[in-house]
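[1] next one to model:
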Amino acid sequence: MSDTFNLTFIINESLIIYISRMSTEGSADSVYEANTYPILMNLAKSVPESGIHPQDVMICNREKDLIGELSPLFKNLVATKPWYSSLVDGYRPLKPEEVPTGYDSGITFKSVCINTAIYLPYLVSRCLRNGVVFKRAVLKHINHASELHASREKADVVVNCSGLLAAKLGGVEDKAVYPVRGQIVLVRNIAPAMFVTSGNDDGDPDEICYIMTRAAGEYRRAPLLKRMQLKTLPARRRNYSWRVLSAGKL
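    Take a look at the predicted model:
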């Protein structure tokens, strides 16, 4: 369902890791996450064709990254007792001997990794089985969406999931939305867990490194939105960049 070199469609070569970073306890987002976690874990355990698999998460922190005012991205990431500690399975601090060299502390818990190249077609198949009709169209205004119902009648409800192009879609034009361009690096080995770090020494203050092994494929990858800490596997991110790069170009 994607067009790799078109910004208007989802690129299905990405991965999703379930880690609560931006939400705060009691917020609407935290409620969504609390409802989502058991569903994702059940899919990982019971529906392997969904492209979701369970993995341990290891979040490794450096004391120097925790100095000063932390952005919302990091507050939950580096907290010693975040609100979701009672939600996820197996939450505990890392033992001193488990903390990798170069880091000072860390936590671990059970989470999932979603291979969207499998998960998105899985969702499409579930929708088709339940009678959903798919249409692809280019809209200039959100109001035009109600005219695309399969019955040819005007739709009663329109759910706006326009994503990145919410910044340009008429009737929405959310100027707070902006693109972040980056690259993914694949290497031929298996990471024993999903690793996340509190920072790195060669990027911006709000950049982190994270590594995971995708479901249904034994490749480790550094996701596209963050710069790799490992010098031999560089990746870059560019905020506010609408230019799409072809494979192999950094």
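[2] now do the helices in the chain.
    With helices called from DSSP state H, the chain shows them at 28-46, 72-78, 116-129.
[3] what's the least confident stretch among these?
    Mean pLDDT is lowest for helix 72-78 among the helices of the chain, at a mean of 64.
[4] point out the most buried one among the helices of the chain.
    helix 72-78 (a mean of 18; mean count of other C-beta atoms under 10 Å). Quick note: C-beta positions are derived from backbone N, CA and C, even for glycine.
[5] what does the domain assignment say about this structure?
    Structural domains assigned to the chain are 15-118+178-239, 135-177, following automatic domain parsing.
[6] got the ones you listed as CSV, with distance to residue 124 columns?
    Listed next are the domains of the chain as CSV, based on distance: least, C-beta to C-beta, whole Å:
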stretch, distance to residue 124
domain 15-118+178-239, 11
domain 135-177, 12
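[7] can you flag the weakest of those by average pLDDT?
    domain 15-118+178-239 (a mean of 74).
[8] and among the domains of the chain, the most buried is which?
    When the domains of the chain are compared using mean count of other C-beta under 10 Å, domain 15-118+178-239 is most buried, at a mean of 16.
[9] skipping adjacent residues, who's closest to residue 90 in space?
    Counting by C-beta to C-beta, 6 or more residues apart in numbering, residue 90 lies nearest to residue 110, which is 4.5 Å off, once chain neighbours are set aside.
[10] can I assume that neighbour is in contact with residue 57?
    Yes - between residue 110 and residue 57 there is a contact under C-beta atoms under 8 Å: 7.5 Å.
[11] residue 129 is nearest to which of the domains of the chain?
    Of all the domains of the chain, it is domain 15-118+178-239 that lies closest to residue 129, at 13.0 Å by C-beta to C-beta.
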